[in-house]
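J.: 3D model of this:
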Amino acid sequence: MGENRKPKHGVPASWMMVAVCIGILGLVVGFWGAVYALNRPTGVRHKEVTVEKGMTVAQIARKLYRERLIRSPELLRVFSLINGTSRRLTAGVHPFHGRMTTWQVLMELEVARDVTQDVTLPEGLRLGQVAEILADKLDLDEATFKRILTDSNFCHSLGIDAPNLEGYLFPETYRFSLTMTEEQVARMVVGHFEEIFDHKMKTRARAMGMTVGEVVTLASIVEGEAQLDEERPIVAAVYYNRLKKNMRLQADPTVQYAIPDGPRRLFYKDYRVDSPYNTYRHRGLPPGPIMSPGKASLVATLYPADVDYLYFVARGDGTHVFSQTPKEHEAAKRETLSARRRSWQKSNKKVK
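T.: Model (predicted):
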């Protein structure tokens with residue numbers, strides 16, 4: 001009673017705590033020492049490294065390690081998780097130098113180093129042609145791109161009520177980022193169509209009793225027929241007049257779209273091809289657009305000329321002869337054919 005007792009094991013609890021703290025401190029110091037060592041600059045010369053779109057943090061880290069710009073790919077991944085930057089790393093050409101720490105390398109990867117490419121899409125191209133041009137210029141996967149452009153669910157997500165984006169890939173000169181994905185490129189091009197076919201145009205279409213799809217479809221035929229802007233409203237009027245009279249449109253561009261190896265010179269057999277796009281066999285508009293119309297053709301379709309023409313024939317110089325009756329049309333065909341022959345004979349003589 002009242003006498004002092006020693007701990008059974010002979011080691012005070014306070015000493016045990018001290019030992020634990022020293023051990024933890026040693027681990028912390030060791031950890032940060034390792035981090036410091038791995039975070040140090042590598043000292044290599046200045047380099048530019050292309051980070052491709054879709055690359056993961058791990059892939060980027062391994063690439064930078066191979067270029068000797070960082071000492072540890074694992075440390076870069078840890079830093080990206082700590083800083084929450086794993087989803088903010090940008091594609092593009094990034095400049096690095098050997099005095100940068102791994103943390104500074106990570107900060108550089110967040111800077112937008114965009115490379116752009118201007119691409120011109122002319123009027124009158126088909127979906128497949130647009131896909132080929134963009135895939136080639138922007139280094140896209142053409143098969144993936146075409147699959148996206150013909151995905152009805154993707155079309156509907158863009159507000160396009162169609163099974164594919166034929167006719168909605170608006171012709172224009174675009175500046176694309178080379179880091180854009182196939183889906184982002186498609187959204188950009190269709191987004192420009194939505195900017196052009198604005199509220200005023202949609203209101204006008206409704207006033208004419210037409211849907212946006214019907215306007216684009218007819219405008220694509222106008223685009224295929226007319227070369228001169230001043231003739232586009234007249235060509236559009238011819239087709240409206242034929243639709244009102246329940247006449248077949250008999251538009252050659254629709255036959256070109258219907259044949260598997262078009263566009264090319266048409267033969268009589270081509271006009272009999274069994275396709276809903278063949279307006280020589282089927283009345284009304286085809287199921288959808290046959291090419292991408294430009295703004296001039298869209299405007300001409302929404303505001304056709306006030307004329308009574310039902311026919312036209314190409315002169316061969318970009319202009320057309322317009323007629324009201326079958327008799328006038330036959331005469332115009334004979335006239336233009338004769339003029340073409342005279343022109344051919346004249347040019348042939350010059351060659352000789």
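J.: tally of neighbours for residue 290?
T.: Number of residues near residue 290 (other CB atoms under 10 Å) recorded here: 27. (C-beta placed from N, C-alpha, C; glycine too.)
J.: Isn't it up against residue 219?
T.: No. Residue 290 is beyond contact range of residue 219, at 10.2 Å (criterion: CB atoms under 8 Å).
J.: so what sits against both of those two?
T.: Counting by CB atoms under 8 Å, 6 or more residues apart in numbering, the shared contacts of residue 290 and residue 219 are residue 167.
J.: who's in contact with residue 92?
T.: By CB under 8 Å, 6+ apart, the contact set of residue 92 is 50-51, 112-115, 178-179.
J.: How about the secondary structure of residue 318?
T.: Following DSSP: H, G, I helix; E, B strand; the rest coil, residue 318 is assigned to coil.
J.: Now do the closest residue to it other than its chain neighbours against residue 125, distance only.
T.: Setting aside the residues directly before and after it, residue 318 is nearest to residue 227 in space (CB to CB, 6 or more residues apart in numbering), at 4.1 Å. Distance, residue 227 to residue 125, using CB to CB, to the nearest Å: 15 Å.
J.: Narrow the contacts of residue 92 to those in strands?
T.: Judged by DSSP state E, the contacts of residue 92 include 50-51 as members of strands.
J.: Out of the contacts of residue 92, the closest to residue 333 would be?
T.: Residue 333 lies nearest to residue 178 out of those, by CB to CB, at 50.3 Å.
J.: For the closest one, give me its contacts.
T.: By CB under 8 Å, 6+ apart, the contact list for residue 178 reads 91-92, 114-117, 138-139.
J.: quick one: which of those residues has the most company?
T.: Ranked by neighbour count (other CB under 10 Å), these have residue 91 at the top, with 22 neighbours.
J.: How about the contacts made by that residue?
T.: Residues in contact with residue 91, defined by CB under 8 Å, 6+ apart, are 51-55, 178-179.
J.: Of these, grab the buried ones for PyMOL.
T.: Of those, the buried ones go into a single PyMOL selection, burial set by 16 or more other CB atoms under 10 Å:
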select buried, resi 51+178+179
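J.: Farthest-apart pair in the contacts of residue 91, please.
T.: Spatial extent of the contacts of residue 91 (CB to CB) is set by the pair 55 and 178 at 13.5 Å.
J.: got any ranges where this protein has weak pLDDT?
T.: Counting by pLDDT under 70, the chain has low-confidence residues at 1-44, 86, 342-352.
J.: quick one, strands of it?
T.: Counting by DSSP E, the chain has strands at residues 47-51, 92-96, 116-120, 173-177, 311-314, 320-323.
J.: what sits up against the last one?
T.: I take that to be strand 320-323. Contacts of strand 320-323 (CB under 8 Å, 6+ apart): 225-226, 231, 234-235, 238, 307, 309-315, 329, 331-332, 335-336.
J.: filter those to the buried ones?
T.: 225-226, 231, 234-235, 238, 309-314, 329, 332, 336.
J.: residues contacting the closest residue in space to residue 308 that isn't next to it in sequence?
T.: In space, and not counting its chain neighbours, residue 308 is closest to residue 324: 5.4 Å by CB to CB, 6+ apart. The neighbours of residue 324, taking CB under 8 Å, 6+ apart as the test, are 308-311.
J.: can you check residue 205 too?
T.: Applying CB under 8 Å, 6+ apart to residue 205 gives the contacts 211-212, 214-215, 302.
J.: ok, it to residue 290 distance?
T.: As for residue 205, its distance to residue 290 is 19 Å (criterion: CB to CB).
J.: What is the burial count for residue 47?
T.: For residue 47, using other CB under 10 Å, the count is 14.
J.: so it bridges to which residues?
T.: residue 96 (DSSP bridges).
J.: need the contact list for it.
T.: Applying CB under 8 Å, 6+ apart to residue 47 gives the contacts 67, 69, 95-97.
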